[in-house]
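Chemist: Sequence unavailable; structure follows:
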């Protein structure tokens with residue numbers, strides 16, 4: 001990876017830092033989905049740092065003729081390569097299980113309070129991290145560094161060589177990596193999001209019919225005004241569900257479109273191809289744009305970092321990002337009590 005990717009890399013690191021700052025806030029950590037997004041942002045940031053140490057440093061060292069920088073990058077590559085594969089697997093699996101969590105929360109709402117708790121979500125994320133590390137142990141036995149002579153620097157140098165001589169083991173790992181890191185997550189993402197969109201659509205249609213029938217039965221302008229879609233708690237909750245589902249579907253579409261080019265861009269699959277790192281950076285930048293469009297707290301944080309002098313907010317940076325459903329329900333009940341008292 002050349003030095004020309006440095007601006008993109010730094011922009012990706014800035015967007016990762018902002019995402020971590022937003023999703024690690026106290027008010028944001030109470031939502032299970034934000035924990036998944038926090039872990040994805042952390043893994044993407046470490047992937048970019050791994051890219052800087054493994055590829056960008058090599059290109060920069062050859063450009064300015066710093067032998068020690070190139071030599072250091074070559075020596076640490078046997079350790080940064082398995083770290084990259086582990087982080088990449090962790091990012092893919094976290095994205096898949098985030099949508100699985102969303103699927104069970106929407107399609108099975110009566111079981112979410114017992115199963116999808118905050119404690120269980122943290123334990124599940126820890127289990128994903130352990131499984132990703134165990135799955136990529138074999139990649140730590142691929143590369144080693146040995147001394148050699150460099151004709152460019154005219155001195156002693158180190159070179160990388162592949163110690164994996166077993167073709168069968170390499171093919172097994174290759175097909176397992178393709179199956180569990182690409183084909184299975186992509187299929188699961190399409191299934192989960194299709195079911196989520198179908199369930200949200202059915203709920204929206206049912207809520208509209210319920211409001212129409214209730215308005216026709218009451219025959220009162222006051223009741224009819226109270227049951228408008230804009231003032232209904234059900235419609236506010238449904239609009240929030242649709243907004244979150246749309247954001248997650250957009251993240252999945254970007255994820256599938258960008259990461260698929262890693263495997264179909266060349267007939268020969270190379271796990272160390274620099275384009276893989278470029279696509280990770282592009283994925284993170286587009287995700288940051290999606291978060292900026294759909295999350296109010298993310299927009300306020302971006303404004304706080306980019307325009308600190310002009311930033312004026314009514315809420316602190318760790319304040320709530322949106323009115324919760326419980327507060328909506330309380331206000332709806334109080335307004336109903338006031339209207340009933342006035343009617344009496």
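Modeler: That came in fine, so what should we check first? Computed from a prediction, not measured in an experiment: that's the story for all the values here.
Chemist: my read: residue 32 touches residue 101, true?
Modeler: Yes. Counting by C-beta atoms under 8 Å, residue 32 does reach residue 101; the two are 6.3 Å apart. C-beta: built from backbone N, CA, C; applies to glycine.
Chemist: overlap in contacts of the two?
Modeler: Residues touching both residue 32 and residue 101 (C-beta atoms under 8 Å, 6 or more residues apart in numbering): 116, 121.
Chemist: C-terminal to the helix or strand encompassing residue 14, which secondary structure element comes first?
Modeler: Assigned by DSSP states H and E, residue 14 belongs to helix 6-23. Counting by DSSP H and E, the next helix or strand C-terminal to helix 6-23 is helix 32-51.
Chemist: That next one relative to helix 6-23, how many degrees between them?
Modeler: Using axes from the mean of the first three to the mean of the last three C-alpha atoms, to 10 degrees, the direction of helix 32-51 lies 150 degrees away from that of helix 6-23.
Chemist: which strands and helices sit next to helix 32-51?
Modeler: Helix 32-51 sits against helix 6-23, helix 67-107, helix 118-135, helix 274-294, with contacts defined as 3 or more C-beta pairs under 8 Å, 6 or more residues apart in numbering; DSSP states H and E.
Chemist: can you pull the buried residues of the helix or strand following it?
Modeler: Scanning forward in sequence from helix 32-51 by DSSP H and E, the next helix or strand is helix 57-64. If you call a residue buried by 16 or more other C-beta atoms under 10 Å, then helix 57-64 has these buried ones: 57, 58, 59, 60, 61, 62.
Chemist: How much space separates residue 6 from residue 25?
Modeler: Separation of residue 6 from residue 25 (C-beta to C-beta, to the nearest Å): 30 Å.
Chemist: who's more crowded, those two?
Modeler: residue 25 (20 against 14; other C-beta atoms under 10 Å).
Chemist: Phi, psi for the more buried one please.
Modeler: Main-chain torsions, residue 25, degrees, to the nearest 10: phi -60, psi 150.
Chemist: Find the residue ranges of the stretch 101-250 of the chain scoring beneath the pLDDT cut-off.
Modeler: For the stretch 101-250 of the chain, the stretches flagged by pLDDT under 70 are 149-167, 204-250.
Chemist: quick one, helices of it?
Modeler: Here the stretch 101-250 of the chain has its helices, by DSSP state H, counting those that start in this stretch, at 109-115, 118-135, 167-178, 184-218, 221-226, 233-264.
Chemist: Number of residues surrounding the residue nearest to residue 29 when sequence neighbours are not counted?
Modeler: Nearest residue to residue 29, sequence neighbours excluded (C-beta to C-beta, 6 or more residues apart in numbering): residue 35, at 6.7 Å. Neighbour count of residue 35, defined by other C-beta under 10 Å: 22.
Chemist: which residues sit in contact with residue 35?
Modeler: 23, 29, 118, 121, 122, 125.
Chemist: quick one: it from residue 119, how far?
Modeler: 11 Å.
Chemist: ditto for residue 67
Modeler: Per C-beta to C-beta, residue 67 is found 51 Å from residue 119.
Chemist: Show the contacting residues for residue 39.
Modeler: By C-beta under 8 Å, 6+ apart, the neighbours of residue 39 are 90, 94, 125.
Chemist: so the first one touches residue 129, yeah?
Modeler: To tie it back to what came earlier, the one meant is residue 90. Yes. Between residue 90 and residue 129 there is a contact at 6.2 Å, judged by C-beta under 8 Å.
Chemist: Comparing the two, which shows the higher neighbour count?
Modeler: Shown here are residue 90 and residue 129; by other C-beta under 10 Å, residue 90 has more neighbours (25 against 15).
Chemist: Count the neighbours of residue 106 for me.
Modeler: Neighbour count of residue 106, defined by other C-beta under 10 Å: 20.
Chemist: Then the one 5 residues further on?
Modeler: In terms of burial, residue 111 registers 11 neighbours under the definition other C-beta under 10 Å.
Chemist: What separation is there between the nearest residue to residue 135 once chain neighbours are set aside and residue 130?
Modeler: Spatial nearest neighbour of residue 135, chain neighbours left out: residue 89 (6.0 Å); criterion: C-beta to C-beta, 6+ apart. Between residue 89 and residue 130 the distance is 12 Å, computed by C-beta to C-beta.
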